[in-house]
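1. Task: produce atomic coordinates for the following.
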Amino acid sequence: MIDRVPPPAPLRPAGAWQPAPVADAPSAFAAYESVRHRLPAMQAPLATRHLSSLGQVADHVDGFLLDAFGVLNIGETAIAGAVERMACLRRRGKRLTVLTNAASYTRPQLLAKYHRLGFDFTMDEVVSSRDIAAAQLSRIAPRARWAALAATGDSFADIPESLTDAIADPSAFDSADAFLFLSTARWTPGLQDRLGETLARNPRPLVIANPDLVAPREGGLTLEPGHFGHALLDRLPIDCHWFGKPFALAFSEAIARTGLSPDRLAMVGDTLHTDILGGAAAGCRTVLVADHGLFAGHDTAPYIAASGIVPDFVVPTT
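-> Sure thing, here's the model as predicted:
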């Protein structure tokens, strides 16, 4: 089943296509809450247990689905102790799968990055939202000419469809049959306006291959494709399709890779509305990492209470 967000009923007047700015955890949390109606539903546990690390969580599960940003690394830097923790979990026989919304990287590129940081994940232990989206494009728009909104130098060799880099060739904004949003590395207010205007004139499918609103990096939070996709949905009845956390297909694939039932897995992440909500909706246990990523420097309790997105466990670090 394709994860699809139904369009809003009324068509709002066109104007600025820009989303509200997001600079910190409180504003990111507010942005996620504002689009909560488009996210999956979940059943929360009755209470949260606070443990010291994934080492203690491992007493309760047989495997882990691991977010990357905020759990394994911040940008191009491994989180202190994360490499050693993964090795320890392997020695205990725990199954590991990385589930990432980093859609601007091919899976070999992701694997090379993790190896460069010191992790020993295999190709079969990495599930990316890019791969999940690519497998659904032909169903969404058969034989379509796709306009890719991607990073500089992004290769599309892993995607079996006709793709044009729309930022390098802006004519694709009008000529393409559908849009694939992979990265905001080159995204600008002008391009956001152009995408909104062309979809208003000629509605076509839009695939968001990274549903994140923000991502934690060394210099702070960056705005991600999900942020701009929701801004368009707020104004247009777009045929929009979402792939990656918190939506179901990504979790189905990651769970299948482990060979375990969802209730024997813990989804580990730094974000309530993607990692925790999505993991719980898929039937997994959930672990919020509090000291890295989105909530670094913040007390997570008020955010958990305000959202009702309650993790099974909270740990300060991986």
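2. So for the protein, the centremost residue is which one?
-> Of all residues in the chain, the one closest to the mean position by CA atoms, centre = their mean is Asn101, 3.5 Å from it.
3. In contact with that residue, which residues?
-> 128-129, 210-212, 215, 224, 244-245, 250, 274 (CB atoms under 8 Å, 6 or more residues apart in numbering). The C-beta positions use only the backbone N, C-alpha and C, and glycine is treated the same way.
4. which of those lies closest to Leu51?
-> Thr274 (21.3 Å; CB to CB).
5. hang on, the earlier thing: roughly how far apart are the residue nearest to the centre of the chain and Thr317?
-> Distance from Asn101 to Thr317, counting by CB to CB, to the nearest Å: 21 Å.
6. Which parts of this structure are helices?
-> Remark: helices assigned in the chain by DSSP state H are 25-34, 54-57, 82-91, 107-117, 129-134, 137-140, 172-175, 189-201, 225-233, 248-258, 277-281, 301-307.
7. would you turn these into a markdown table with distance to Leu149 and mean pLDDT?
-> Shown next, in a markdown table, are the helices of the chain (distance: least, CB to CB, whole Å; pLDDT from 0 to 100):
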| stretch | distance to Leu149 | mean pLDDT |
| --- | --- | --- |
| helix 25-34 | 20 | 94 |
| helix 54-57 | 35 | 98 |
| helix 82-91 | 31 | 98 |
| helix 107-117 | 18 | 96 |
| helix 129-134 | 12 | 98 |
| helix 137-140 | 14 | 98 |
| helix 172-175 | 9 | 98 |
| helix 189-201 | 8 | 96 |
| helix 225-233 | 7 | 96 |
| helix 248-258 | 19 | 98 |
| helix 277-281 | 23 | 98 |
| helix 301-307 | 29 | 97 |
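8. so can I have a markdown table of those showing mean neighbour count?
-> Converted to a markdown table, the helices of the chain look like this (neighbours: other CB atoms under 10 Å):
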| stretch | mean neighbour count |
| --- | --- |
| helix 25-34 | 18 |
| helix 54-57 | 19 |
| helix 82-91 | 16 |
| helix 107-117 | 16 |
| helix 129-134 | 25 |
| helix 137-140 | 16 |
| helix 172-175 | 16 |
| helix 189-201 | 16 |
| helix 225-233 | 24 |
| helix 248-258 | 20 |
| helix 277-281 | 26 |
| helix 301-307 | 15 |
